[in-house]
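Q: 3D, please:
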Amino acid sequence: MSQIQIRDPQGNPIPLMNIRISEGEKPSEEAIYDVFTDREGNTGWPIPFWPQQRYALHVNVANVNPTFLPQSYYLLASDTDTVRIEMAVVQTPPPLTPRLHIEGEQFKTEQGALFQWRGYSMFLAYRRFLAGENLRPDLAVLRDHRINLLRVFGPLPWKETPDYRAERFNLSQLGAFFAFLAAEGFYCEWVPICYEFDRALQQSLVQQSFNIAAQYPNVLIEVANEPHVNDTDPVEILRGLNRHGVLTAYGIYGPYYTSADDPLPTLDYITIHTTRDSAWHRKARHAQELQHKTGKPCISDEPAKGIEDDFNYPGGKRIPHEFVWHHAITALWTPGSTLHTEEGKWGRVPTPGMKQWVILEAVSNEVWGKIDPSWQAGSYAGSHFSSSPVDHIPDIWTYSSMHPNRALSVRCAVSEPTAQNGWILVETWGAGNSIVRLVR
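A: Down below sits the predicted model:
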């Protein structure tokens with residue numbers, strides 16, 4: 001007896017595939033028969049005689065098997081025996097935020113690609129999400145500026161956010177928030193502890209955060225923001241809790257600045273808030289030092305904050321090329337960094353005409369648009385090294401990421417480095433051509 005056979009591209013049978021049969025070239029909605037393939041991927045012809053007229057076989061149009069694309073097959077005059085139909089597989093695009101893992105000092109995707117952390121402080125993004133605000137326009141701006149990760153705070157003690165306290169904190173929408181960010185192409189570094197409050201409540205909040213985060217591959221957790229400033233103890237908070245495999249940092253970096261002998265508890269990766277003095281831009285190198293010391297990825301996660309010319313804030317900065325230098329230096333050897341701005345503190349993004357907008361544009365174009373993730377795998381060299389690819393100027397810091405036949409150098413001055421030691425300068429950019437790419 002003649003059959004209808006449904007096969008995948010490798011010739012394997014597809015069981016329980018729906019076939020709707022209509023006369024002539026009529027659509028599936030006008031089908032006169034509706035059948036399914038058996039376990040061998042076959043079905044007998046449902047009409048009691050081999051058709052003397054044309055029929056259309058609408059396969060996978062109803063009761064859809066999501067693995068395969070629907071298709072319609074129109075019987076030909078040559079179809080006098082078994083009809084075999086090969087189904088095309090749905091090509092699922094890779095997720096915008098594939099799950100990350102850590103290999104040594106680097107984040108990598110499931111496919112093994114190096115991940116570059118291009119973060120933005122958007123502390124109150126979840127609060128805005130809870131309020132039903134439309135975040136998409138702001139996220140579009142950040143995406144257009146190559147940002148791929150948001151640093152978002154949990155409950156806060158700020159007088160401006162009385163509805164965002166730990167005692168009545170609303171976690172019910174956190175999963176939806178993470179899913180929303182993933183759909184928009186963003187990872188999220190969630191920070192549940194930002195001030196000191198009841199330990200049992202802290203642990204409950206953190207455990208619930210891990211329970212939720214474990215369901216979303218785009219989420220990392222920094223347990224506490226600036227614990228040495230806010231008098232929190234992320235080690236004790238986390239004791240006895242289940243992280244469910246979520247990539248986690250304690251948020252502890254204070255010992256780096258107090259004594260090299262002080263213990264520095266670590267988890268999967270490390271975050272550091274580098275000092276915000278007049279040399280803050282070159283101190284992005286502290287992240288590399290901490291990474292080298294621990295052998296774990298280190299993120300410059302809240303460097304000096306971009307502010308407006310008429311806004312006074314201790315440690316706030318306004319010079320765009322200093323932001324370029326800081327974030328470029330982190331991209332030389334570490335997975336990356338987080339851009340911190342006054343607008344971001346409130347969960348907003350800068351707008352054209354603002355100094356923070358100029359800063360955002362500069363970092364996007366001159367760092368993330370020019371320095372790809374492969375550079376982070378290079379070795380460190382200062383210009384004072386005899387092997388440095390560029391010249392040394394006393395009291396001016398110039399750093400290089402060294403690879404066998406290429407190098408990238410950042411000079412923290414409005415001055416172009418000069419190639420040496422057989423290196424050839426092939427590209428320059430930034431203020432005063434202070435960033436150079438070289439080959440040999």
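Q: tell me the phi and psi of the most centrally placed residue in the chain?
A: Geometric centre of the chain, nearest residue: residue 187, 3.7 Å, by C-alpha atoms, centre = their mean. Per-residue torsions, residue 187: phi -80, psi 160 (degrees, to the nearest 10).
Q: quick one, what contacts it?
A: Shown in contact with residue 187 (C-beta atoms under 8 Å, 6 or more residues apart in numbering): 97, 100, 148-150, 181, 218-220. Yep, even glycine has a C-beta here, placed from its N, CA and C like the rest.
Q: apart from its chain neighbours, what residue comes closest to it?
A: Using C-beta to C-beta, 6 or more residues apart in numbering and skipping the chain neighbours, the partner closest in space to residue 187 is residue 149 (4.1 Å).
Q: and the one you found, how far from residue 336?
A: 8 Å (C-beta to C-beta, to the nearest Å).
Q: what residues are shared contacts of these two?
A: Shared contacts of residue 149 and residue 336, counting by C-beta under 8 Å, 6+ apart, come down to 117-119.
Q: buried sites along the lowest-mean-pLDDT helix or strand in the chain?
A: Ranked by mean pLDDT, DSSP states H and E, the weakest helix or strand in the chain is helix 254-258, scoring a mean of 86. Buried residues in helix 254-258, defined by neighbour count with 16 or more other C-beta atoms under 10 Å: 254, 256.
Q: quick one: mean pLDDT over the helix or strand that that helix is followed by.
A: The C-terminal neighbour of helix 254-258 among helices and strands, as given by DSSP states H and E, is strand 270-272. Mean pLDDT, computed over strand 270-272, is 98.
Q: so how far is strand 270-272 off the chain centroid?
A: 17 Å (C-alpha atoms, centre = their mean, to the nearest Å).
Q: that strand pairs with which strands, parallel or anti?
A: Take DSSP bridges as the rule and strand 270-272 pairs in its sheet with strand 298-300 (parallel).
Q: and stretch 225-238, end to end?
A: 14 Å (C-alpha to C-alpha, to the nearest Å).
Q: what does it contact?
A: Taking C-beta under 8 Å, 6+ apart as the rule, stretch 225-238 contacts 153, 191, 193-196, 199, 202-203, 206, 223-224, 248, 250-252, 254, 265, 273, 302.
Q: check the offset of it from the chain's centre.
A: With C-alpha atoms, centre = their mean, you get 25 Å for stretch 225-238.
Q: mind listing what's buried along it?
A: So for stretch 225-238, counting by 16+ other C-beta under 10 Å, buried means 225-227, 232-234, 237-238.
Q: repeat for stretch 38-45
A: 41-43, 45.
Q: equivalent analysis for stretch 378-385, please.
A: Applying 16+ other C-beta under 10 Å to stretch 378-385 flags 378, 380-381, 383 as buried.
Q: just the residues you listed: which are in strands?
A: Here DSSP state E is the test, and the buried residues of stretch 378-385 give 380-381 as lying in strands.
Q: could I get the buried residues of stretch 378-385 as TSV with pLDDT?
A: Formatted as TSV, these follow (pLDDT from 0 to 100):
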residue	pLDDT
378	95
380	96
381	97
383	97
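Q: of the buried residues of stretch 378-385, closest to residue 434?
A: residue 383 (12.1 Å; C-beta to C-beta).
Q: can you flag which of the buried residues of stretch 225-238 belong to helices?
A: If you go by DSSP state H, the buried residues of stretch 225-238 have 227, 234, 237-238 in helices.
Q: hmm, who's touching stretch 173-181?
A: With C-beta under 8 Å, 6+ apart, stretch 173-181 has contacts from 97, 125-126, 129-130, 135, 139, 150, 187-188, 190, 209, 212-213, 215-216, 218-219.
Q: just the buried ones from those residues?
A: 97, 125-126, 129-130, 135, 139, 150, 187-188, 190, 209, 212-213, 216, 218-219.
Q: sort out for me which of the residues you listed are in helices.
A: 125-126, 129-130, 139, 209, 212-213.
Q: where along the protein do the helices fall?
A: Using DSSP H, helices in the chain cover 125-130, 136-144, 174-183, 199-213, 227-230, 234-238, 254-258, 285-294, 320-333, 342-345, 355-363.
Q: between the ones you listed, which gets nearest to residue 413?
A: Across the helices of the chain, closest to residue 413 is helix 320-333 (C-beta to C-beta), at 8.9 Å.
Q: which strands or helices does that closest one pack on?
A: Helix 320-333 sits against helix 285-294, strand 298-300, strand 336-339, helix 355-363, strand 379-382, strand 398-403, strand 406-411, with contacts defined as 3 or more C-beta pairs under 8 Å, 6 or more residues apart in numbering; DSSP states H and E.
Q: reformat those as TSV; add distance to residue 59.
A: Shown next, in TSV, are these (distance: least, C-beta to C-beta, whole Å):
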stretch	distance to residue 59
helix 285-294	54
strand 298-300	50
strand 336-339	47
helix 355-363	50
strand 379-382	57
strand 398-403	52
strand 406-411	53
